[in-house]
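> Need coordinates for the following:
(one chain, ligands or ions: 1)
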Amino acid sequence: MKQKPMREILAAARGERLEGVFQSGTMASGSQIAIPWVALRGIKDGPCLWINGQVHGPEINGIFAALDFVNALDPRKLSGSIVVTATANPLALNARTKSTPQDEGDLDQSFPGNANGLATDRLAHTLFEQVRGCADVVINMHTMGHMFDSAPYAVYKVHPNGKVTEKQLLQLIAPFRPGVACRMNVEQGLGELPGNIAGALDYQMLAIGVPAFMIELGSGSRAEAPYITQGIAGFTDVVRRLGILGGAPVKHAPLRRVTRRAHVTVAHGGLFRAARAPGDSVRAGEPLGTTIDMHGKVVETVTMPGECVVIGMRRDPVVHSGDRAGFVALEWDEADCS
Ligand SMILES: [Zn+2]
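This next block holds a predicted model:
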């Protein structure tokens with residue numbers, strides 16, 4: 001669908017707040033399938049930060065954080081620009097589903113997209129064509145699923161082409177004060193859920209030399225005020241670092257960089273009760289939680305064979321064999337982000 005590129009919209013403006021939508025298609029009823037955007041264009045020239053509020057329907061905290069952040073800024077005080085696309089998958093947002101209901105596509109496995117593809121491919125293409133050639137940094141917001149409790153953390157990939165360094169990414173991630181910064185493997189079967197990880201927005205941006213990463217801002221289907229505030233503080237520090245907004249950037253302590261993580265699954269169905277919380281360090285053999293059956297008998301104590309750090313912990317107690325009790329870091333170190 002031909003529409004005006006964001007870089008041209010920004011180039012034509014000065015000291016303004018703008019808003020609109022990127023058209024991606026229509027529903028049977030005639031209503032639009034469109035990606036809403038808000039843009040601030042400073043008086044002076046400078047880089048462009050692009051924040052995408054969500055790719056997965058139930059992940060809400062990032063939308064609040066991005067919109068609260070951008071709508072509190074005075075564009076006349078900026079050097080450069082900030083673009084917020086609140087949701088890149090309006091179909092999934094409407095349906096409160098992670099994937100697009102029309103084709104079961106996961107938008108964050110569909111970039112750079114396809115103008116002639118399924119609905120999800122079209123949304124990916126619509127966003128990617130706008131971000132490409134406009135954004136200097138891209139932050140793609142997520143949360144964990146609503147069945148988990150989680151504190152904010154970061155996920156990033158390192159592209160083998162080396163156009164963006166790990167150090168550059170860590171310097172932009174540190175402002176969010178994540179509990180952990182996970183360096184995610186793009187290859188299959190390395191502790192991640194199945195899927196096309198290389199189709200993530202951040203990875204496709206790295207491929208063309210644009211620093212990009214994911215912030216997981218708490219849990220799904222909720223508006224968690226402290227995490228929204230933490231997200232806004234992160235965006236603010238990032239725009240200071242990029243020189244878009246005046247003021248000194250914050251100095252950050254080294255990040256806990258995670259190089260291996262795993263989903264912990266249960267063997268027995270029943271009601272799972274978590275014993276630990278996100279951020280906890282858990283020693284080998286210590287319980288992460290226990291599961292009881294419908295007679296109240298403990299049928300499973302979930303443990304890990306080695307030390308781990310809890311990233312996400314199951315909140316919904318109802319579990320069947322194979323369900324995830326938690327998401328944990330298995331290997332980590334300290335990474336300098338100064
Ligand atoms: Zn997500």
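
> going forward, measure contacts between C-alpha atoms and count neighbours the same way
Will do.

> so who does the closest residue to the ion within the chain touch?
Here the chain gets closest to the ion at one residue, H142, 4.2 Å apart by C-alpha to the ion. By C-alpha atoms under 8 Å, 6 or more residues apart in numbering, the contact set of H142 is G53, Q54, V55, H56, E59, I60, N61, G62, M214, I215, E216, L217.

> which one is it nearest to, not counting chain neighbours?
Distances taken as C-alpha to C-alpha, 6 or more residues apart in numbering place E216 nearest to H142, at 4.6 Å, with adjacent residues excluded.

> Point me to the helix or strand that includes the one you found.
strand 212-219 (DSSP states H and E).

> before we move on, what about L10?
If you go by DSSP H and E, L10 is part of helix 6-11.

> Which parts of that helix count as buried, going by neighbours?
Residues M6, R7, L10 are the ones in helix 6-11 that count as buried (16 or more other C-alpha atoms under 10 Å).

> same thing with stretch 108-121?
Applying 16+ other C-alpha under 10 Å to stretch 108-121 flags D108, Q109, S110, F111, P112, G113, N114, A115, L118, A119, T120, D121 as buried.

> anything in that stretch near the ion?
No - against the ion, stretch 108-121 shows no contacts by C-alpha under 5 Å from the ion, the least distance being 7.6 Å.

> End to end on that stretch, go ahead and measure it.
In stretch 108-121, first residue to last residue: 10 Å (C-alpha to C-alpha, to the nearest Å).

> I would like the residues contacting it, please.
Identification of contacts with stretch 108-121 by C-alpha under 8 Å, 6+ apart yields 1, 55-56, 89, 100, 102-103, 105-107, 122-126, 128, 195-201, 204.

> For the stretch 1-150 of the chain, which segments count as helices?
Secondary structure of the stretch 1-150 of the chain, counting by DSSP state H, counting those that start in this stretch: helices at 6-11, 61-71, 90-95, 119-131.

> ok, E192 touching A262?
Yes - counting by C-alpha atoms under 8 Å, E192 does reach A262; the two are 6.8 Å apart.

> how about the strands of the stretch 201-338 of the chain, start to end?
For the stretch 201-338 of the chain, the strands defined by DSSP state E, counting those that start in this stretch occupy 212-219, 255-265, 270-274, 281-282, 289-292, 298-302, 308-314, 318-319, 324-335.

> Tell me how far the second one lies from the chain's centre.
Okay, so that is strand 255-265. Centre-to-centre, strand 255-265 and its host chain are 16 Å apart (C-alpha atoms, centre = their mean, to the nearest Å).

> Next, the angle from that strand to strand 324-335.
Here strand 255-265 runs at an angle of 160 degrees relative to strand 324-335 (axes from the mean of the first three to the mean of the last three C-alpha atoms, to 10 degrees).

> can I get the CA coordinates of strand 255-265 in PDB?
The C-alpha coordinates for strand 255-265 follow below in PDB (Å, rounded to 0.1, in the frame of the first residue of the first chain):
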ATOM      1  CA  LEU A 255      24.600  -5.300  33.400                       C
ATOM      2  CA  ARG A 256      23.900  -8.900  34.300                       C
ATOM      3  CA  ARG A 257      24.400 -10.400  30.800                       C
ATOM      4  CA  VAL A 258      22.700 -13.800  30.300                       C
ATOM      5  CA  THR A 259      24.200 -16.100  27.600                       C
ATOM      6  CA  ARG A 260      22.000 -19.200  28.300                       C
ATOM      7  CA  ARG A 261      18.500 -19.500  29.500                       C
ATOM      8  CA  ALA A 262      15.800 -22.100  29.600                       C
ATOM      9  CA  HIS A 263      12.100 -22.700  30.000                       C
ATOM     10  CA  VAL A 264      11.400 -24.900  33.000                       C
ATOM     11  CA  THR A 265       8.500 -27.300  32.400                       C
END
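
> Give me the three-state assignment for H159.
Put simply, H159 is coil when judged by DSSP: H, G, I helix; E, B strand; the rest coil.

> Give me the neighbour count for it.
By other C-alpha atoms under 10 Å, the residues close to H159 number 21.

> One more: Q102?
Per other C-alpha under 10 Å, the neighbour tally for Q102 reads 11.

> V282 against P305, yeah?
No - applying C-alpha under 8 Å as the test, V282 and P305 come out as separate, 10.4 Å apart.

> In terms of neighbours, single out the busier of these two.
Neighbours around V282 and P305, counted as other C-alpha under 10 Å, are more numerous at V282. The numbers are 19 against 9.

> So what pairs up with the more buried one in the strands?
Beta-bridge partners recorded for V282 (DSSP bridges): C308.

> which residues touch it?
V282 neighbours (C-alpha under 8 Å, 6+ apart): L288, E307, C308, V309, V310.

> looking at it, the second one is touching L288, isn't it?
Same thing as E307. No - contact between E307 and L288 fails when scored by C-alpha under 8 Å: they sit 11.3 Å apart.

> Neighbour count: these two, which is higher?
The neighbour count for E307 versus L288, taken as other C-alpha under 10 Å, is higher for L288 (25 against 16).

> which residues does the more buried one contact?
L288 neighbours (C-alpha under 8 Å, 6+ apart): A274, A275, R276, V282, T301, V302, T303, M304.

> same thing but at 7 Å, please
By C-alpha atoms under 7 Å, 6 or more residues apart in numbering, the contact set of L288 is A274, A275, R276, V302, T303.
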